[in-house]
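Trainee: A structural model of the following input is requested.
(chains A and B)
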Protein chains: 2
Amino acid sequence: MAPIGHPDRAYEVAAAFFGELAGQGVAHVVVSPGSRSTPLTISAHLTPGLRTWVQIDERSAGFFALGLARATGQPVVLVCTSGTAAANYLPAVIEAHHTGVPLLVCTADRPPELREMGAGQTIDQVHLFGTAVRWFHELPVATEAEPARARRLAARVVVEATGANPGPIHLNWPLREPLPPVDWVGPDPAASPVRIDRPAIGPAPSLVDDLVDVITTTERGLIVAGPNEDPALGAALSALGRAASWPVMAEPCSQARAGAGVDDQVVLAHGDHLMRTAFAAAHRAEVVLRFGNNPTSKPFRLWAEACNPAVILVDPAHRWHDPSDLVTRVVDADPVALAHALADRIGPASLSPWATAWRDADAAAAAAIAAAVDSGPMTEPLVVRTIARSIPVGANVYVSNSMPIRDVDGFWPVSDQPVRMFANRGASGIDGLNSCALGVAAADIGPVVLLTGDIAFLHDLGGLLAGPRLGLDLTIVVVDNRGGAIFSFLPIAARGEAVAFDELFTTDPDVDLGAVAGLAGVHFVDVSDNAGLAAAVSGAVERGGVNVIRVAVDRQVDLDQHRELEAAVDTATRPLS
Amino acid sequence: MAPIGHPDRAYEVAAAFFGELAGQGVAHVVVSPGSRSTPLTISAHLTPGLRTWVQIDERSAGFFALGLARATGQPVVLVCTSGTAAANYLPAVIEAHHTGVPLLVCTADRPPELREMGAGQTIDQVHLFGTAVRWFHELPVATEAEPARARRLAARVVVEATGANPGPIHLNWPLREPLPPVDWVGPDPAASPVRIDRPAIGPAPSLVDDLVDVITTTERGLIVAGPNEDPALGAALSALGRAASWPVMAEPCSQARAGAGVDDQVVLAHGDHLMRTAFAAAHRAEVVLRFGNNPTSKPFRLWAEACNPAVILVDPAHRWHDPSDLVTRVVDADPVALAHALADRIGPASLSPWATAWRDADAAAAAAIAAAVDSGPMTEPLVVRTIARSIPVGANVYVSNSMPIRDVDGFWPVSDQPVRMFANRGASGIDGLNSCALGVAAADIGPVVLLTGDIAFLHDLGGLLAGPRLGLDLTIVVVDNRGGAIFSFLPIAARGEAVAFDELFTTDPDVDLGAVAGLAGVHFVDVSDNAGLAAAVSGAVERGGVNVIRVAVDRQVDLDQHRELEAAVDTATRPLS
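Mentor: So this is what the prediction gives:
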């Protein structure tokens, strides 16, 4: 071992750290260029089992790591230099905190003696991410640290960042000059990773007994799934819904609306629409069994408040999403294991009249929507339906916030064809979406399509540029409605000129999206109809590389159609009330 | 007054707040689109005396406000919606904290009852910016607040954000639905702003006596100015340098190297070069009188450590920048007032041999640099010298971090022609530079030229897009050396392929900068020589709008020239040792 103070010591410490991470199954490190972080960057790059991705902009790096961690289900490391570089991670760290994504944020820092005396790129990085990390720790100066300690620290951050309540952690690494190594030895290949034993995930038998009793004595029940990262939830909830004869209201990003084992006899594609109807008002639930985070649908929330059901919240991460103060029971259990255990105990059943009514209402809504949307003008609902039909089996779809997530919730069909859905529904920002989708692309788990709007696309324009450089394949469908169309749905829109509505809220960015093509080897195409969009999506997936498909949508036409559909679904489901 | 809970109450509170800010001299509000912030955005927009600027990306908004506040010398307000929108301000807030720029950050938030239960775009915004703000305060929910209190709060944040230690403050505004106003009345036009009395800025007579005694009994003294926002410092330090017969080593962003009253008999243009020479080793200072923040020059720091002089630090902001632990006296006084008071008391004098030697050495360095640079290849030093000759009188120059600030420090001439220099030397990040320069452009104080590198330019590519939309004039000179050239100056560069140097450090972004032209009405031109650059800069300033001038520079040629210049200056000044 190099003596205390020798530059190689920092590399031995970093190598021990990264070697242990690789031993724990961590595979990806996203680095941004910088000098102070040199020992971390080089050690990560040279450690067997780790792949480094270089992102110039740390904000994009954060979101790229977020997408990569979501897609792989493994912690992803971030490495940056000191100063505002680290501060740029904050938006992605906050999103990771709220949706439970394990990011291992390693910020290089000046050693203590260089702080608060005007040294370059030196800020206060201690607790820089505030309450948004599961754990913060500052290491000793790396040239004075112990490799064995760093190895166990790596195991510990994996424990802290994963488990029932996963999330980001922050390690602050003070590093002292000189920073280049004399000799790089690398992690000890003989070191065995620390073994981490987790609790068994099966629910307690008494809990299963108890919930089976609730389910089998309640006809009017509803299963609700909010955004969730676990692809296994879909089959589990369909099995439970079928056994219980309870419909499943599945947000698409719950992974419970499409995928192997998803059952269209119980899963609702149009819950967001149904909840506004006279049908839903006449079909009040007595018990709602909710899994995880809040669903996006506001009509569901209002309907639940009107029904005032008993709400059982399965919430192993202790997030307690309960906007309407309806929760009567909290269950700290693994959702997939619990749902399967309940379904297995209840056993097969034919659909009850209650479940049949919801299934038929969903079918009626689907027919009304198809009739109005598919032959109508180019609107966001049609974009969603076309993408759903055009993507290959096993594709991954990242959905931006603002309108896209609402439209995907409203218009994505139920299917047993696997598709993984991603969205940033933790803090629900419109930042970093291009980078998030590129992060999923980096995970190499099949084609990736990002559905986004023009504002969100431009918010992360810089992030897009990394795609071609990193050799990634991504198809981006940009719904270009010249600004933030979601504001048109709000009451403030009616005030128009008096409140400078267009200038302050809609904010048409006045940018020619087609010009991004020239920037960095991005393939661009403009489409204006259904067939063109379908062909462009299939073509882009086949071609590979980074593809941007712009679909121009008129804000007013889109707004009018959304309002017409509300009435149409209500009318179509009224005979079932 | 609207009753508690009425939506108009929030507007009355916001109008009182913004009305008082306008009364206190605040003129600019930078808003980003969002729904939760509606009462703040609309009230700011409708308040007489305030101009609103709309920025889509909150990170760019933060830096835009930073530039605007620097250029106007007045606090600038930031308004955004809740969630990661607010988090995107962090990099700019940290820079403002370190350089003392008054930003009044107003983040809309969900009311307390919507926090920690899964409501959309709801994060923990309390103390979101940690130790980087002068003051944090959370208001009551706006519909329950008192307009009179909001008015005094506005006066208070101006007090907190300005004065001897200016900086950012953070107000968190909980807002409850419904958010649109029923009637907008606006601030009370009869309300008088709170009167704010500040301490007299003149130094105590005993302090002046004491320092005059030090100066008049010390021949070998040096005045050093780091980055500083006050344009009056230049004339003050030249007057003091002339009276004391002490040379002035002025970082360009100190405003003391160029401007009215700047005296080329005492101000050194090439201090950064001189400090490495045998001349400087033979000319050791006994006393250094330092004003404000650290200068950028590392050779100065090393020279000072070798000289071990008494260092008197004039530091009213209490930043205590003392990387070498040399400070023997701290003076809490206004720099401009103190320098003038000392100069007036000492009175006129002819240059001492000590000051003459430094002046002659600076002239010799200038001649050596001119001979090597002006007829040589296109390098960063030539870019700097050409810009200095091409910009009109009264121009503003924003200098990016990494190489540009070092090159401007090394190669910008002394001049009594006014030019205001800006740089982010607080946290010294490469983020947000396009937006910062656009913020200066928004202040309407004359032509603005940004000198930046390709990496920094792309880091804030999104920020650039706002320029044409906002109708701003900015000339950007991008030194395109295909990546982060500063790393080539570091020892790690010698490791090359073994440490994946090009991939991990240089990071050629592989982007065609010319394509930005098509994006948003940006005028683009490629130049390859001195005359072309000069013509492009003059042409761009004349044309107006947003202009990008790309100058391709070869990293290796540039690196070689920097090293040759070091030797050339040493040789040229050796006869004076």
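
Trainee: How many residues are close by the residue nearest to A:Asn165 when sequence neighbours are not counted?
Mentor: Leaving aside its sequence neighbours, A:Asn165 sits nearest to A:Ala317 (CB to CB, 6 or more residues apart in numbering or on different chains; 4.3 Å). Heads up, the C-betas are built off the backbone N, CA and C, glycines and all. Using other CB atoms under 10 Å in any protein chain shown, A:Ala317 is surrounded by 16 other residues.

Trainee: ok but A:Ala317 is inside a helix, no?
Mentor: No - judged by DSSP: H, G, I helix; E, B strand; the rest coil, A:Ala317 forms no part of a helix; its state is coil.

Trainee: Which parts of the stretch 201-350 of chain A are strands?
Mentor: A:221-225, A:248-250, A:267-268, A:287-291, A:310-314, A:327-331 (DSSP state E, counting those that start in this stretch).

Trainee: list the contacts for the nearest residue to A:Pro335 once chain neighbours are set aside?
Mentor: Spatially, and ignoring its direct neighbours in sequence, A:Pro335 is nearest to A:Phe291 (4.7 Å; CB to CB, 6+ apart). A:Phe291 is in contact with A:Ile223, A:Val224, A:Ala225, A:Gly226, A:Asn228, A:Leu233, A:Leu237, A:Ser254, A:Val314, A:Pro335, A:Ala339, counting by CB atoms under 8 Å, 6 or more residues apart in numbering or on different chains.

Trainee: A:Leu565 against A:Ala372, yeah?
Mentor: Yes - using CB atoms under 8 Å, A:Leu565 is in contact with A:Ala372, at 5.8 Å.

Trainee: higher neighbour count, those two?
Mentor: The residue with more neighbours, out of A:Leu565 and A:Ala372, is A:Leu565; 22 against 19, by other CB under 10 Å.

Trainee: before we move on, back to that, which among the contacts of A:Phe291 end up buried?
Mentor: Buried residues within the contacts of A:Phe291, counting neighbours by 16 or more other CB atoms under 10 Å in any protein chain shown: A:Ile223, A:Val224, A:Ala225, A:Gly226, A:Asn228, A:Leu233, A:Leu237, A:Ser254, A:Val314, A:Pro335, A:Ala339.

Trainee: Tabulate those residues in a markdown table, adding columns for distance to B:Lys298.
Mentor: Below are the buried ones among the contacts of A:Phe291 laid out as a markdown table (distance: CB to CB, whole Å):
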| residue | distance to B:Lys298 |
| --- | --- |
| A:Ile223 | 64 |
| A:Val224 | 60 |
| A:Ala225 | 57 |
| A:Gly226 | 53 |
| A:Asn228 | 52 |
| A:Leu233 | 56 |
| A:Leu237 | 61 |
| A:Ser254 | 55 |
| A:Val314 | 58 |
| A:Pro335 | 56 |
| A:Ala339 | 62 |
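
Trainee: what's the neighbour count on A:Ala87?
Mentor: 32.

Trainee: need the contact list for it.
Mentor: Applying CB under 8 Å, 6+ apart, the residues contacting A:Ala87 are A:Ile123, A:Leu128, B:Leu90, B:Pro91, B:Ile94, B:Ala427.

Trainee: what helices or strands is the lowest-mean-pLDDT helix or strand in chain A leaning on?
Mentor: None of the helices or strands of chain A scores lower by mean pLDDT, DSSP states H and E than helix A:516-520, at a mean of 82. The helices and strands touching helix A:516-520, judged by 3 or more CB pairs under 8 Å, 6 or more residues apart in numbering or on different chains; DSSP states H and E, are helix A:461-469, strand A:523-527, strand A:546-552, helix B:516-520.
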